[in-house]
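Trainee: sequence? don't have it. structure:
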């Protein structure tokens, strides 16, 4: 080591960096020489596979999916459907973020507009009341009347815009969209994890994304916004239209029936009948009630503020603008504070849930090829959980529905215990 220090000191010191680098170089000379390790072909392949997984991991949102790809058979990642599904996952994750942010923004709209309109209306009512007492004469009295009239007019315009877009309903739409996109995201991740997806599944995933985009649009202008006051209540639809096979399936008794039998088919048909007769009809009735209430409140509030604005000019005692302004405040607080539009959208979403359940069961039991169906026992379990029941409770509901239908009496139980 003494020779090492001498050699270093005899060198010219141009800079500290050069000195440190030379020291590191000389020190490395005295380190015992390690055995040379050659790169083998398997390690090169492992490196290329690692980079491929890292590129595909950009499309994934959760580390669990990436871990499955690392520990499992990486040959699946070379298939075109899986790479396409990762691209779809990236788009779905982006939509989840968008709908979540927009939903929070529109919920803030509802709160801010509600408070602003109520403050304008109450302030205008107070000013109209003061002007009606006659304590002020001349210019002060005229200023109070004009100011209250302007405030009532501004409140009327804001009410018309707010009632048109229904911010609480918009926020509920975005919450539902985010939930459905998260559900689609989990289904795609599960499909990637458990098996090799097909090209048809990729096309179905793309169609579901586009159907969700159509069901829950983001723009408010250009006619893209959903109609907030339709002629009648209609359930929401966020899944693509499927071509159902209208031919009745003929069940064959064999050993390879994929978990299906005649009793299970009849059970599913009875469940659908209960959903149609009880759940869907009840939510349609409630949805129509919420729609009528929302329409009445949306018309009443701006009408009252408009009357108050005219009363500020033509009424001498100030009674009309004060009473109309107070009523408008109550109506606006009940409509947007109570979020009647959100309640209507909630009923639409629940109606769509039952309609999707009905179409799923019909499409499954009308498929003639049993191998193309989902496993019967698994399908029964999934339907029971979606309705908030156990499998035994679902079977009891089906038997009860069949007995009520034979006895020609109405069943007194709803299919779903969740909604």
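Mentor: Looks like it arrived, so ask away. The shown structure was predicted, so the numbers you read here are calculated from the model rather than taken from an experiment. Residues are numbered from 1 along each chain as shown.
Trainee: so where's the chain uncertain?
Mentor: Scanning the chain with the threshold set as pLDDT under 70 gives 1-78, 134-138, 242-256.
Trainee: so where do the strands sit in it?
Mentor: Using DSSP state E, the chain contains no strands.
Trainee: longest helix anywhere in it?
Mentor: The single longest helix within the chain, with elements called by DSSP state H, is helix 80-132.
Trainee: I'd like to know which elements that one is packed against.
Mentor: With contacts taken as 3 or more CB pairs under 8 Å, 6 or more residues apart in numbering; DSSP states H and E, helix 80-132 sits against helix 139-165, helix 167-194, helix 199-215, helix 281-314, helix 319-332. In this view, the C-beta of every residue, glycine as well, is placed from N, C-alpha and C.
Trainee: let's see it at 6 Å
Mentor: Applying 3 or more CB pairs under 6 Å, 6 or more residues apart in numbering; DSSP states H and E, one finds that helix 80-132 contacts helix 139-165, helix 167-194, helix 199-215, helix 319-332.
Trainee: Can you say which of the ones you listed is nearest to residue 88?
Mentor: Minimum separation from residue 88 across the helices and strands packed on helix 80-132 (CB to CB) falls at helix 199-215, 5.2 Å.
Trainee: contact partners of the closest one?
Mentor: Contacts of helix 199-215 from elsewhere in the structure, counted by CB atoms under 6 Å, 6 or more residues apart in numbering, are 81, 84, 88, 180, 184, 238-240.
Trainee: and the angle from that helix to helix 80-132?
Mentor: 10 degrees (axes from the mean of the first three to the mean of the last three CA atoms, to 10 degrees).
Trainee: Show me what counts as buried in stretch 116-135.
Mentor: 117-118, 120-125, 127-132 (16 or more other CB atoms under 10 Å).
Trainee: Run the chain-centre distance for that stretch.
Mentor: Distance, stretch centre to chain centre, for stretch 116-135: 42 Å (CA atoms, centre = their mean, to the nearest Å).
Trainee: before we move on, what about stretch 370-377?
Mentor: 29 Å.
Trainee: Please apply the same query to stretch 406-419.
Mentor: 29 Å.
Trainee: Equivalent analysis for stretch 336-347, please.
Mentor: The answer for stretch 336-347 is 16 Å, by CA atoms, centre = their mean.
Trainee: Run a quick neighbour tally on residue 178.
Mentor: Residue 178 is flanked by 20 other residues according to other CB atoms under 10 Å.
Trainee: That one reaches residue 100, doesn't it?
Mentor: Yes. Under the criterion of CB atoms under 6 Å, residue 178 makes contact with residue 100 at 4.9 Å.
Trainee: got the contacts of helix 199-215 as a markdown table, with distance to residue 320 columns?
Mentor: Shown next, in a markdown table, are those (distance: CB to CB, whole Å):
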| residue | distance to residue 320 |
| --- | --- |
| 81 | 69 |
| 84 | 66 |
| 88 | 60 |
| 180 | 48 |
| 184 | 54 |
| 238 | 47 |
| 239 | 52 |
| 240 | 54 |
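Trainee: which pair in these spans the largest distance?
Mentor: The span of those, defined through CB to CB, is set by 81 and 238 at 23.3 Å.
Trainee: Can I get the helices and strands packed on helix 80-132 in JSON lines including distance to residue 363?
Mentor: JSON lines is the format used below for the helices and strands packed on helix 80-132 (distance: least, CB to CB, whole Å):
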{"stretch": "helix 139-165", "distance to residue 363": "36"}
{"stretch": "helix 167-194", "distance to residue 363": "16"}
{"stretch": "helix 199-215", "distance to residue 363": "12"}
{"stretch": "helix 319-332", "distance to residue 363": "45"}
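Trainee: most neighbours per residue, which of those?
Mentor: helix 319-332 (a mean of 22; mean count of other CB atoms under 10 Å).
Trainee: what angle separates that one from helix 281-314?
Mentor: Using the same axes, to 10 degrees: helix 319-332 against helix 281-314 is 160 degrees.
Trainee: got the angle between helix 319-332 and helix 139-165?
Mentor: Here helix 319-332 points in a direction 30 degrees away from that of helix 139-165 (the same axes, to 10 degrees).
Trainee: Distance from helix 319-332 to the middle of the chain?
Mentor: 37 Å.
Trainee: Give me the contacts around that helix.
Mentor: With contacts defined as CB under 6 Å, 6+ apart, helix 319-332 is touched by 117-118, 121-122, 124-125, 128-129, 297, 300-301, 304-305, 307-308, 311-312.
Trainee: and if we set it to 7 Å?
Mentor: Applying CB atoms under 7 Å, 6 or more residues apart in numbering, the contact partners of helix 319-332 are 114, 117-118, 121-122, 124-125, 128-129, 132, 148, 152, 159, 297, 300-301, 304-305, 307-308, 311-312, 315.
Trainee: Look up how far residue 416 lies from residue 91.
Mentor: When distance is defined by CB to CB, to the nearest Å, residue 91 is 31 Å away from residue 416.
Trainee: again, but for residue 175
Mentor: According to CB to CB, residue 175 and residue 416 sit 20 Å apart.
Trainee: same check, this time on residue 332
Mentor: With CB to CB as the criterion, residue 332 and residue 416 are 34 Å apart.
Trainee: swap in residue 153?
Mentor: For residue 153 relative to residue 416 (CB to CB), the value is 47 Å.
Trainee: just how off-centre is the longest helix of the chain within its chain?
Mentor: Distance of helix 80-132 from its chain centroid, counting by CA atoms, centre = their mean, is 14 Å.
Trainee: got it, and stretch 399-416?
Mentor: Put simply, stretch 399-416 sits 34 Å off its chain's centre (CA atoms, centre = their mean).
Trainee: buried ones in it?
Mentor: 401-402, 404, 411, 414-416.
Trainee: what does stretch 82-101 give?
Mentor: 82, 84-86, 88-89, 92-93, 95-96, 99-100.
Trainee: just the residues you listed now: which is nearest residue 287?
Mentor: The nearest member of the buried residues of stretch 82-101 to residue 287, counting by CB to CB, is residue 99 at 22.4 Å.
Trainee: I'd assumed residue 174 was in contact with the closest one.
Mentor: Yes. In this structure residue 99 lies within contact range of residue 174 using CB atoms under 7 Å: 4.6 Å.
Trainee: Report how many residues lie close to residue 333.
Mentor: 16.
Trainee: residues touching the closest residue to it other than its chain neighbours, list them.
Mentor: Closest residue to residue 333 apart from its sequence neighbours, by CB to CB, 6 or more residues apart in numbering: residue 118 at 6.3 Å. Counting by CB under 7 Å, 6+ apart, residue 118 touches 329, 332-333.
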